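Undergrad: Predicted model follows, preceded by the sequence.
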Amino acid sequence: MEFHRIDAPGRINLEEISPEPPEEVKKHEAKARFDVLNDELFGLQDLMWGARTHSVLMVLQGRDAAGKDGAVKHVVGALNPRGVRVTSFGVPSEKEKRHDFLWRIHQHTPGAGEVAIFNRSHYEDVLVVRVNKLAPRPIWKERYRLINAFEETLVSGNCIVLKYFLHITEEEQKERLLEREKEPTDAWKLNVEDWRERDQWDEFTAANEDAIGKCASKRAPWFVVPANAKWYRNLVIAESLAAALRPFRKQWRKTLDETGKIGRRDLKEWRAAHGET
Ligand code: AMP
Ligand code: MG
């Protein structure tokens with residue numbers, strides 16, 4: 001499966017990427033494939049959990065109603081909750097504001113063996129902060145470099161960093177927001193801010209394009225996920241996650257086998273010393 005993996009800095013034009021699923025991908029096939037991937041992901045996560053040599057950070061970005069929450073639900077659904085932590089980042093608290101912008105983020109990065117999923121992230125500090133002028137230009141401009149250095153620090157600690165931009169159209173967003181209003185069980189999600197941000201659609205587009213283009217690297221790639229269809233969005237995320245973890249399967253397996261051997265040997269020695277068989 002091909003996806004919009006951006007792994008080198010450069011100019012991004014979101015208009016060139018369709019938010020719709022490709023013609024040739026059919027919904028029922030995608031769902032079948034998603035189920036297969038779920039099993040594979042569960043197995044890979046289990047190996048990673050046991051091996052404790054790597055971790056995974058999935059960053060989910062996207063406009064309101066782009067499907068960040070839905071993506072969290074589906075990714076987590078595929079995994080063993082024992083090893084997953086989800087963190088949502090909202091408006092910084094007074095305490096958080098008294099620190100550098102990465103302070104609140106770093107505390108939630110995954111430990112060895114764990115998967116961390118960020119619903120919004122440090123990227124808000126070059127998105128909403130930039131568009132709504134919450135910090136002066138020189139401050140947020142500097143942050144692309146700081147974000148790259150931060151993510152490089154994580155990668156150096158064997159964290160597999162994957163960043164997702166859930167790409168929807170203005171029309172799709174409008175439909176979803178109106179849907180929320182009609183649906184009594186979804187009304188709690190209503191927020192005037194969501195409509196206000198629609199007036200700044202182009203400013204947010206530019207900010208997202210810069211965030212992706214300036215902070216993409218081989219070691220911390222971005223994925224632009226066509227997200228107008230939820231089933232395709234889920235498939236792309238699962239497929240890209242599996243592709244990122246699969247190369248480590250052998251290595252994790254080997255680590256676990258070696259740990260197992262040591263355990264067996266220790267047990268054998270202990271039994272011999274205690275005269276047990
Ligand atoms: P939601 O994701 O809809 O629950 O809303 C979270 C809100 O927090 C969004 O409106 C974000 O723009 C806002 N937010 C997240 N991070 C920051 C930040 N660093 N500075 C200002 N606002 C933020
Ligand atoms: Mg919101």
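TA: Done, it's in. Numbering: from 1, shown residues only. Ligands and ions are numbered 1, 2, ... in the order given.

Undergrad: which stretches of the stretch 151-277 of the chain aren't confidently modelled?
TA: 277 (pLDDT under 70).

Undergrad: Tell me the residues of it that contact ligand 2?
TA: Where the stretch 151-277 of the chain comes near ligand 2, counting by CB under 5 Å from the ion, the residues are N191. Placement of C-beta: from N, CA and C, glycine included.

Undergrad: Tell me the residue of the stretch 151-277 of the chain that sits nearest ligand 1?
TA: Here the residue of the stretch 151-277 of the chain nearest ligand 1 is E193; by CB to the nearest ligand atom that distance is 5.6 Å.

Undergrad: Give me the spatial nearest neighbour of that residue, chain neighbours excluded.
TA: Taking CB to CB, 6 or more residues apart in numbering, and ignoring the residues beside it in sequence, E193 has D64 as its nearest neighbour in space, at 7.8 Å.

Undergrad: helix or strand for the one you found, which one?
TA: When elements are defined using DSSP states H and E, D64 is found to belong to no helix and no strand.

Undergrad: Got phi/psi on the residue in the stretch 1-150 of the chain positioned nearest to ligand 2?
TA: The stretch 1-150 of the chain approaches ligand 2 most closely through D64 (4.3 Å), counting by CB to the ion. Backbone torsions of D64, given as degrees, to the nearest 10, read phi -60, psi 140.

Undergrad: That one against E197, yeah?
TA: Yes. Between D64 and E197 there is a contact at 6.5 Å, judged by CB atoms under 8 Å.

Undergrad: number of nearby residues for the residue lying closest to W195 once chain neighbours are set aside?
TA: On the basis of CB to CB, 6+ apart, the spatially nearest residue to W195 that is not a chain neighbour turns out to be L177, at 7.0 Å. The tally of other residues near L177 (other CB atoms under 10 Å) stands at 17.

Undergrad: Over to S156?
TA: 9.

Undergrad: Is the residue nearest to W195 within a helix or a strand, and which one?
TA: Mapping L177 onto the secondary structure by DSSP H and E places it in helix 170-182.

Undergrad: just L57 next, same as before
TA: When elements are assigned from DSSP H and E, L57 belongs to strand 55-62.

Undergrad: hang on, the earlier thing: backbone phi and psi for the residue of the stretch 151-277 of the chain closest to ligand 1, please?
TA: For E193, the backbone dihedrals are phi -60, psi -40 (criterion: degrees, to the nearest 10).
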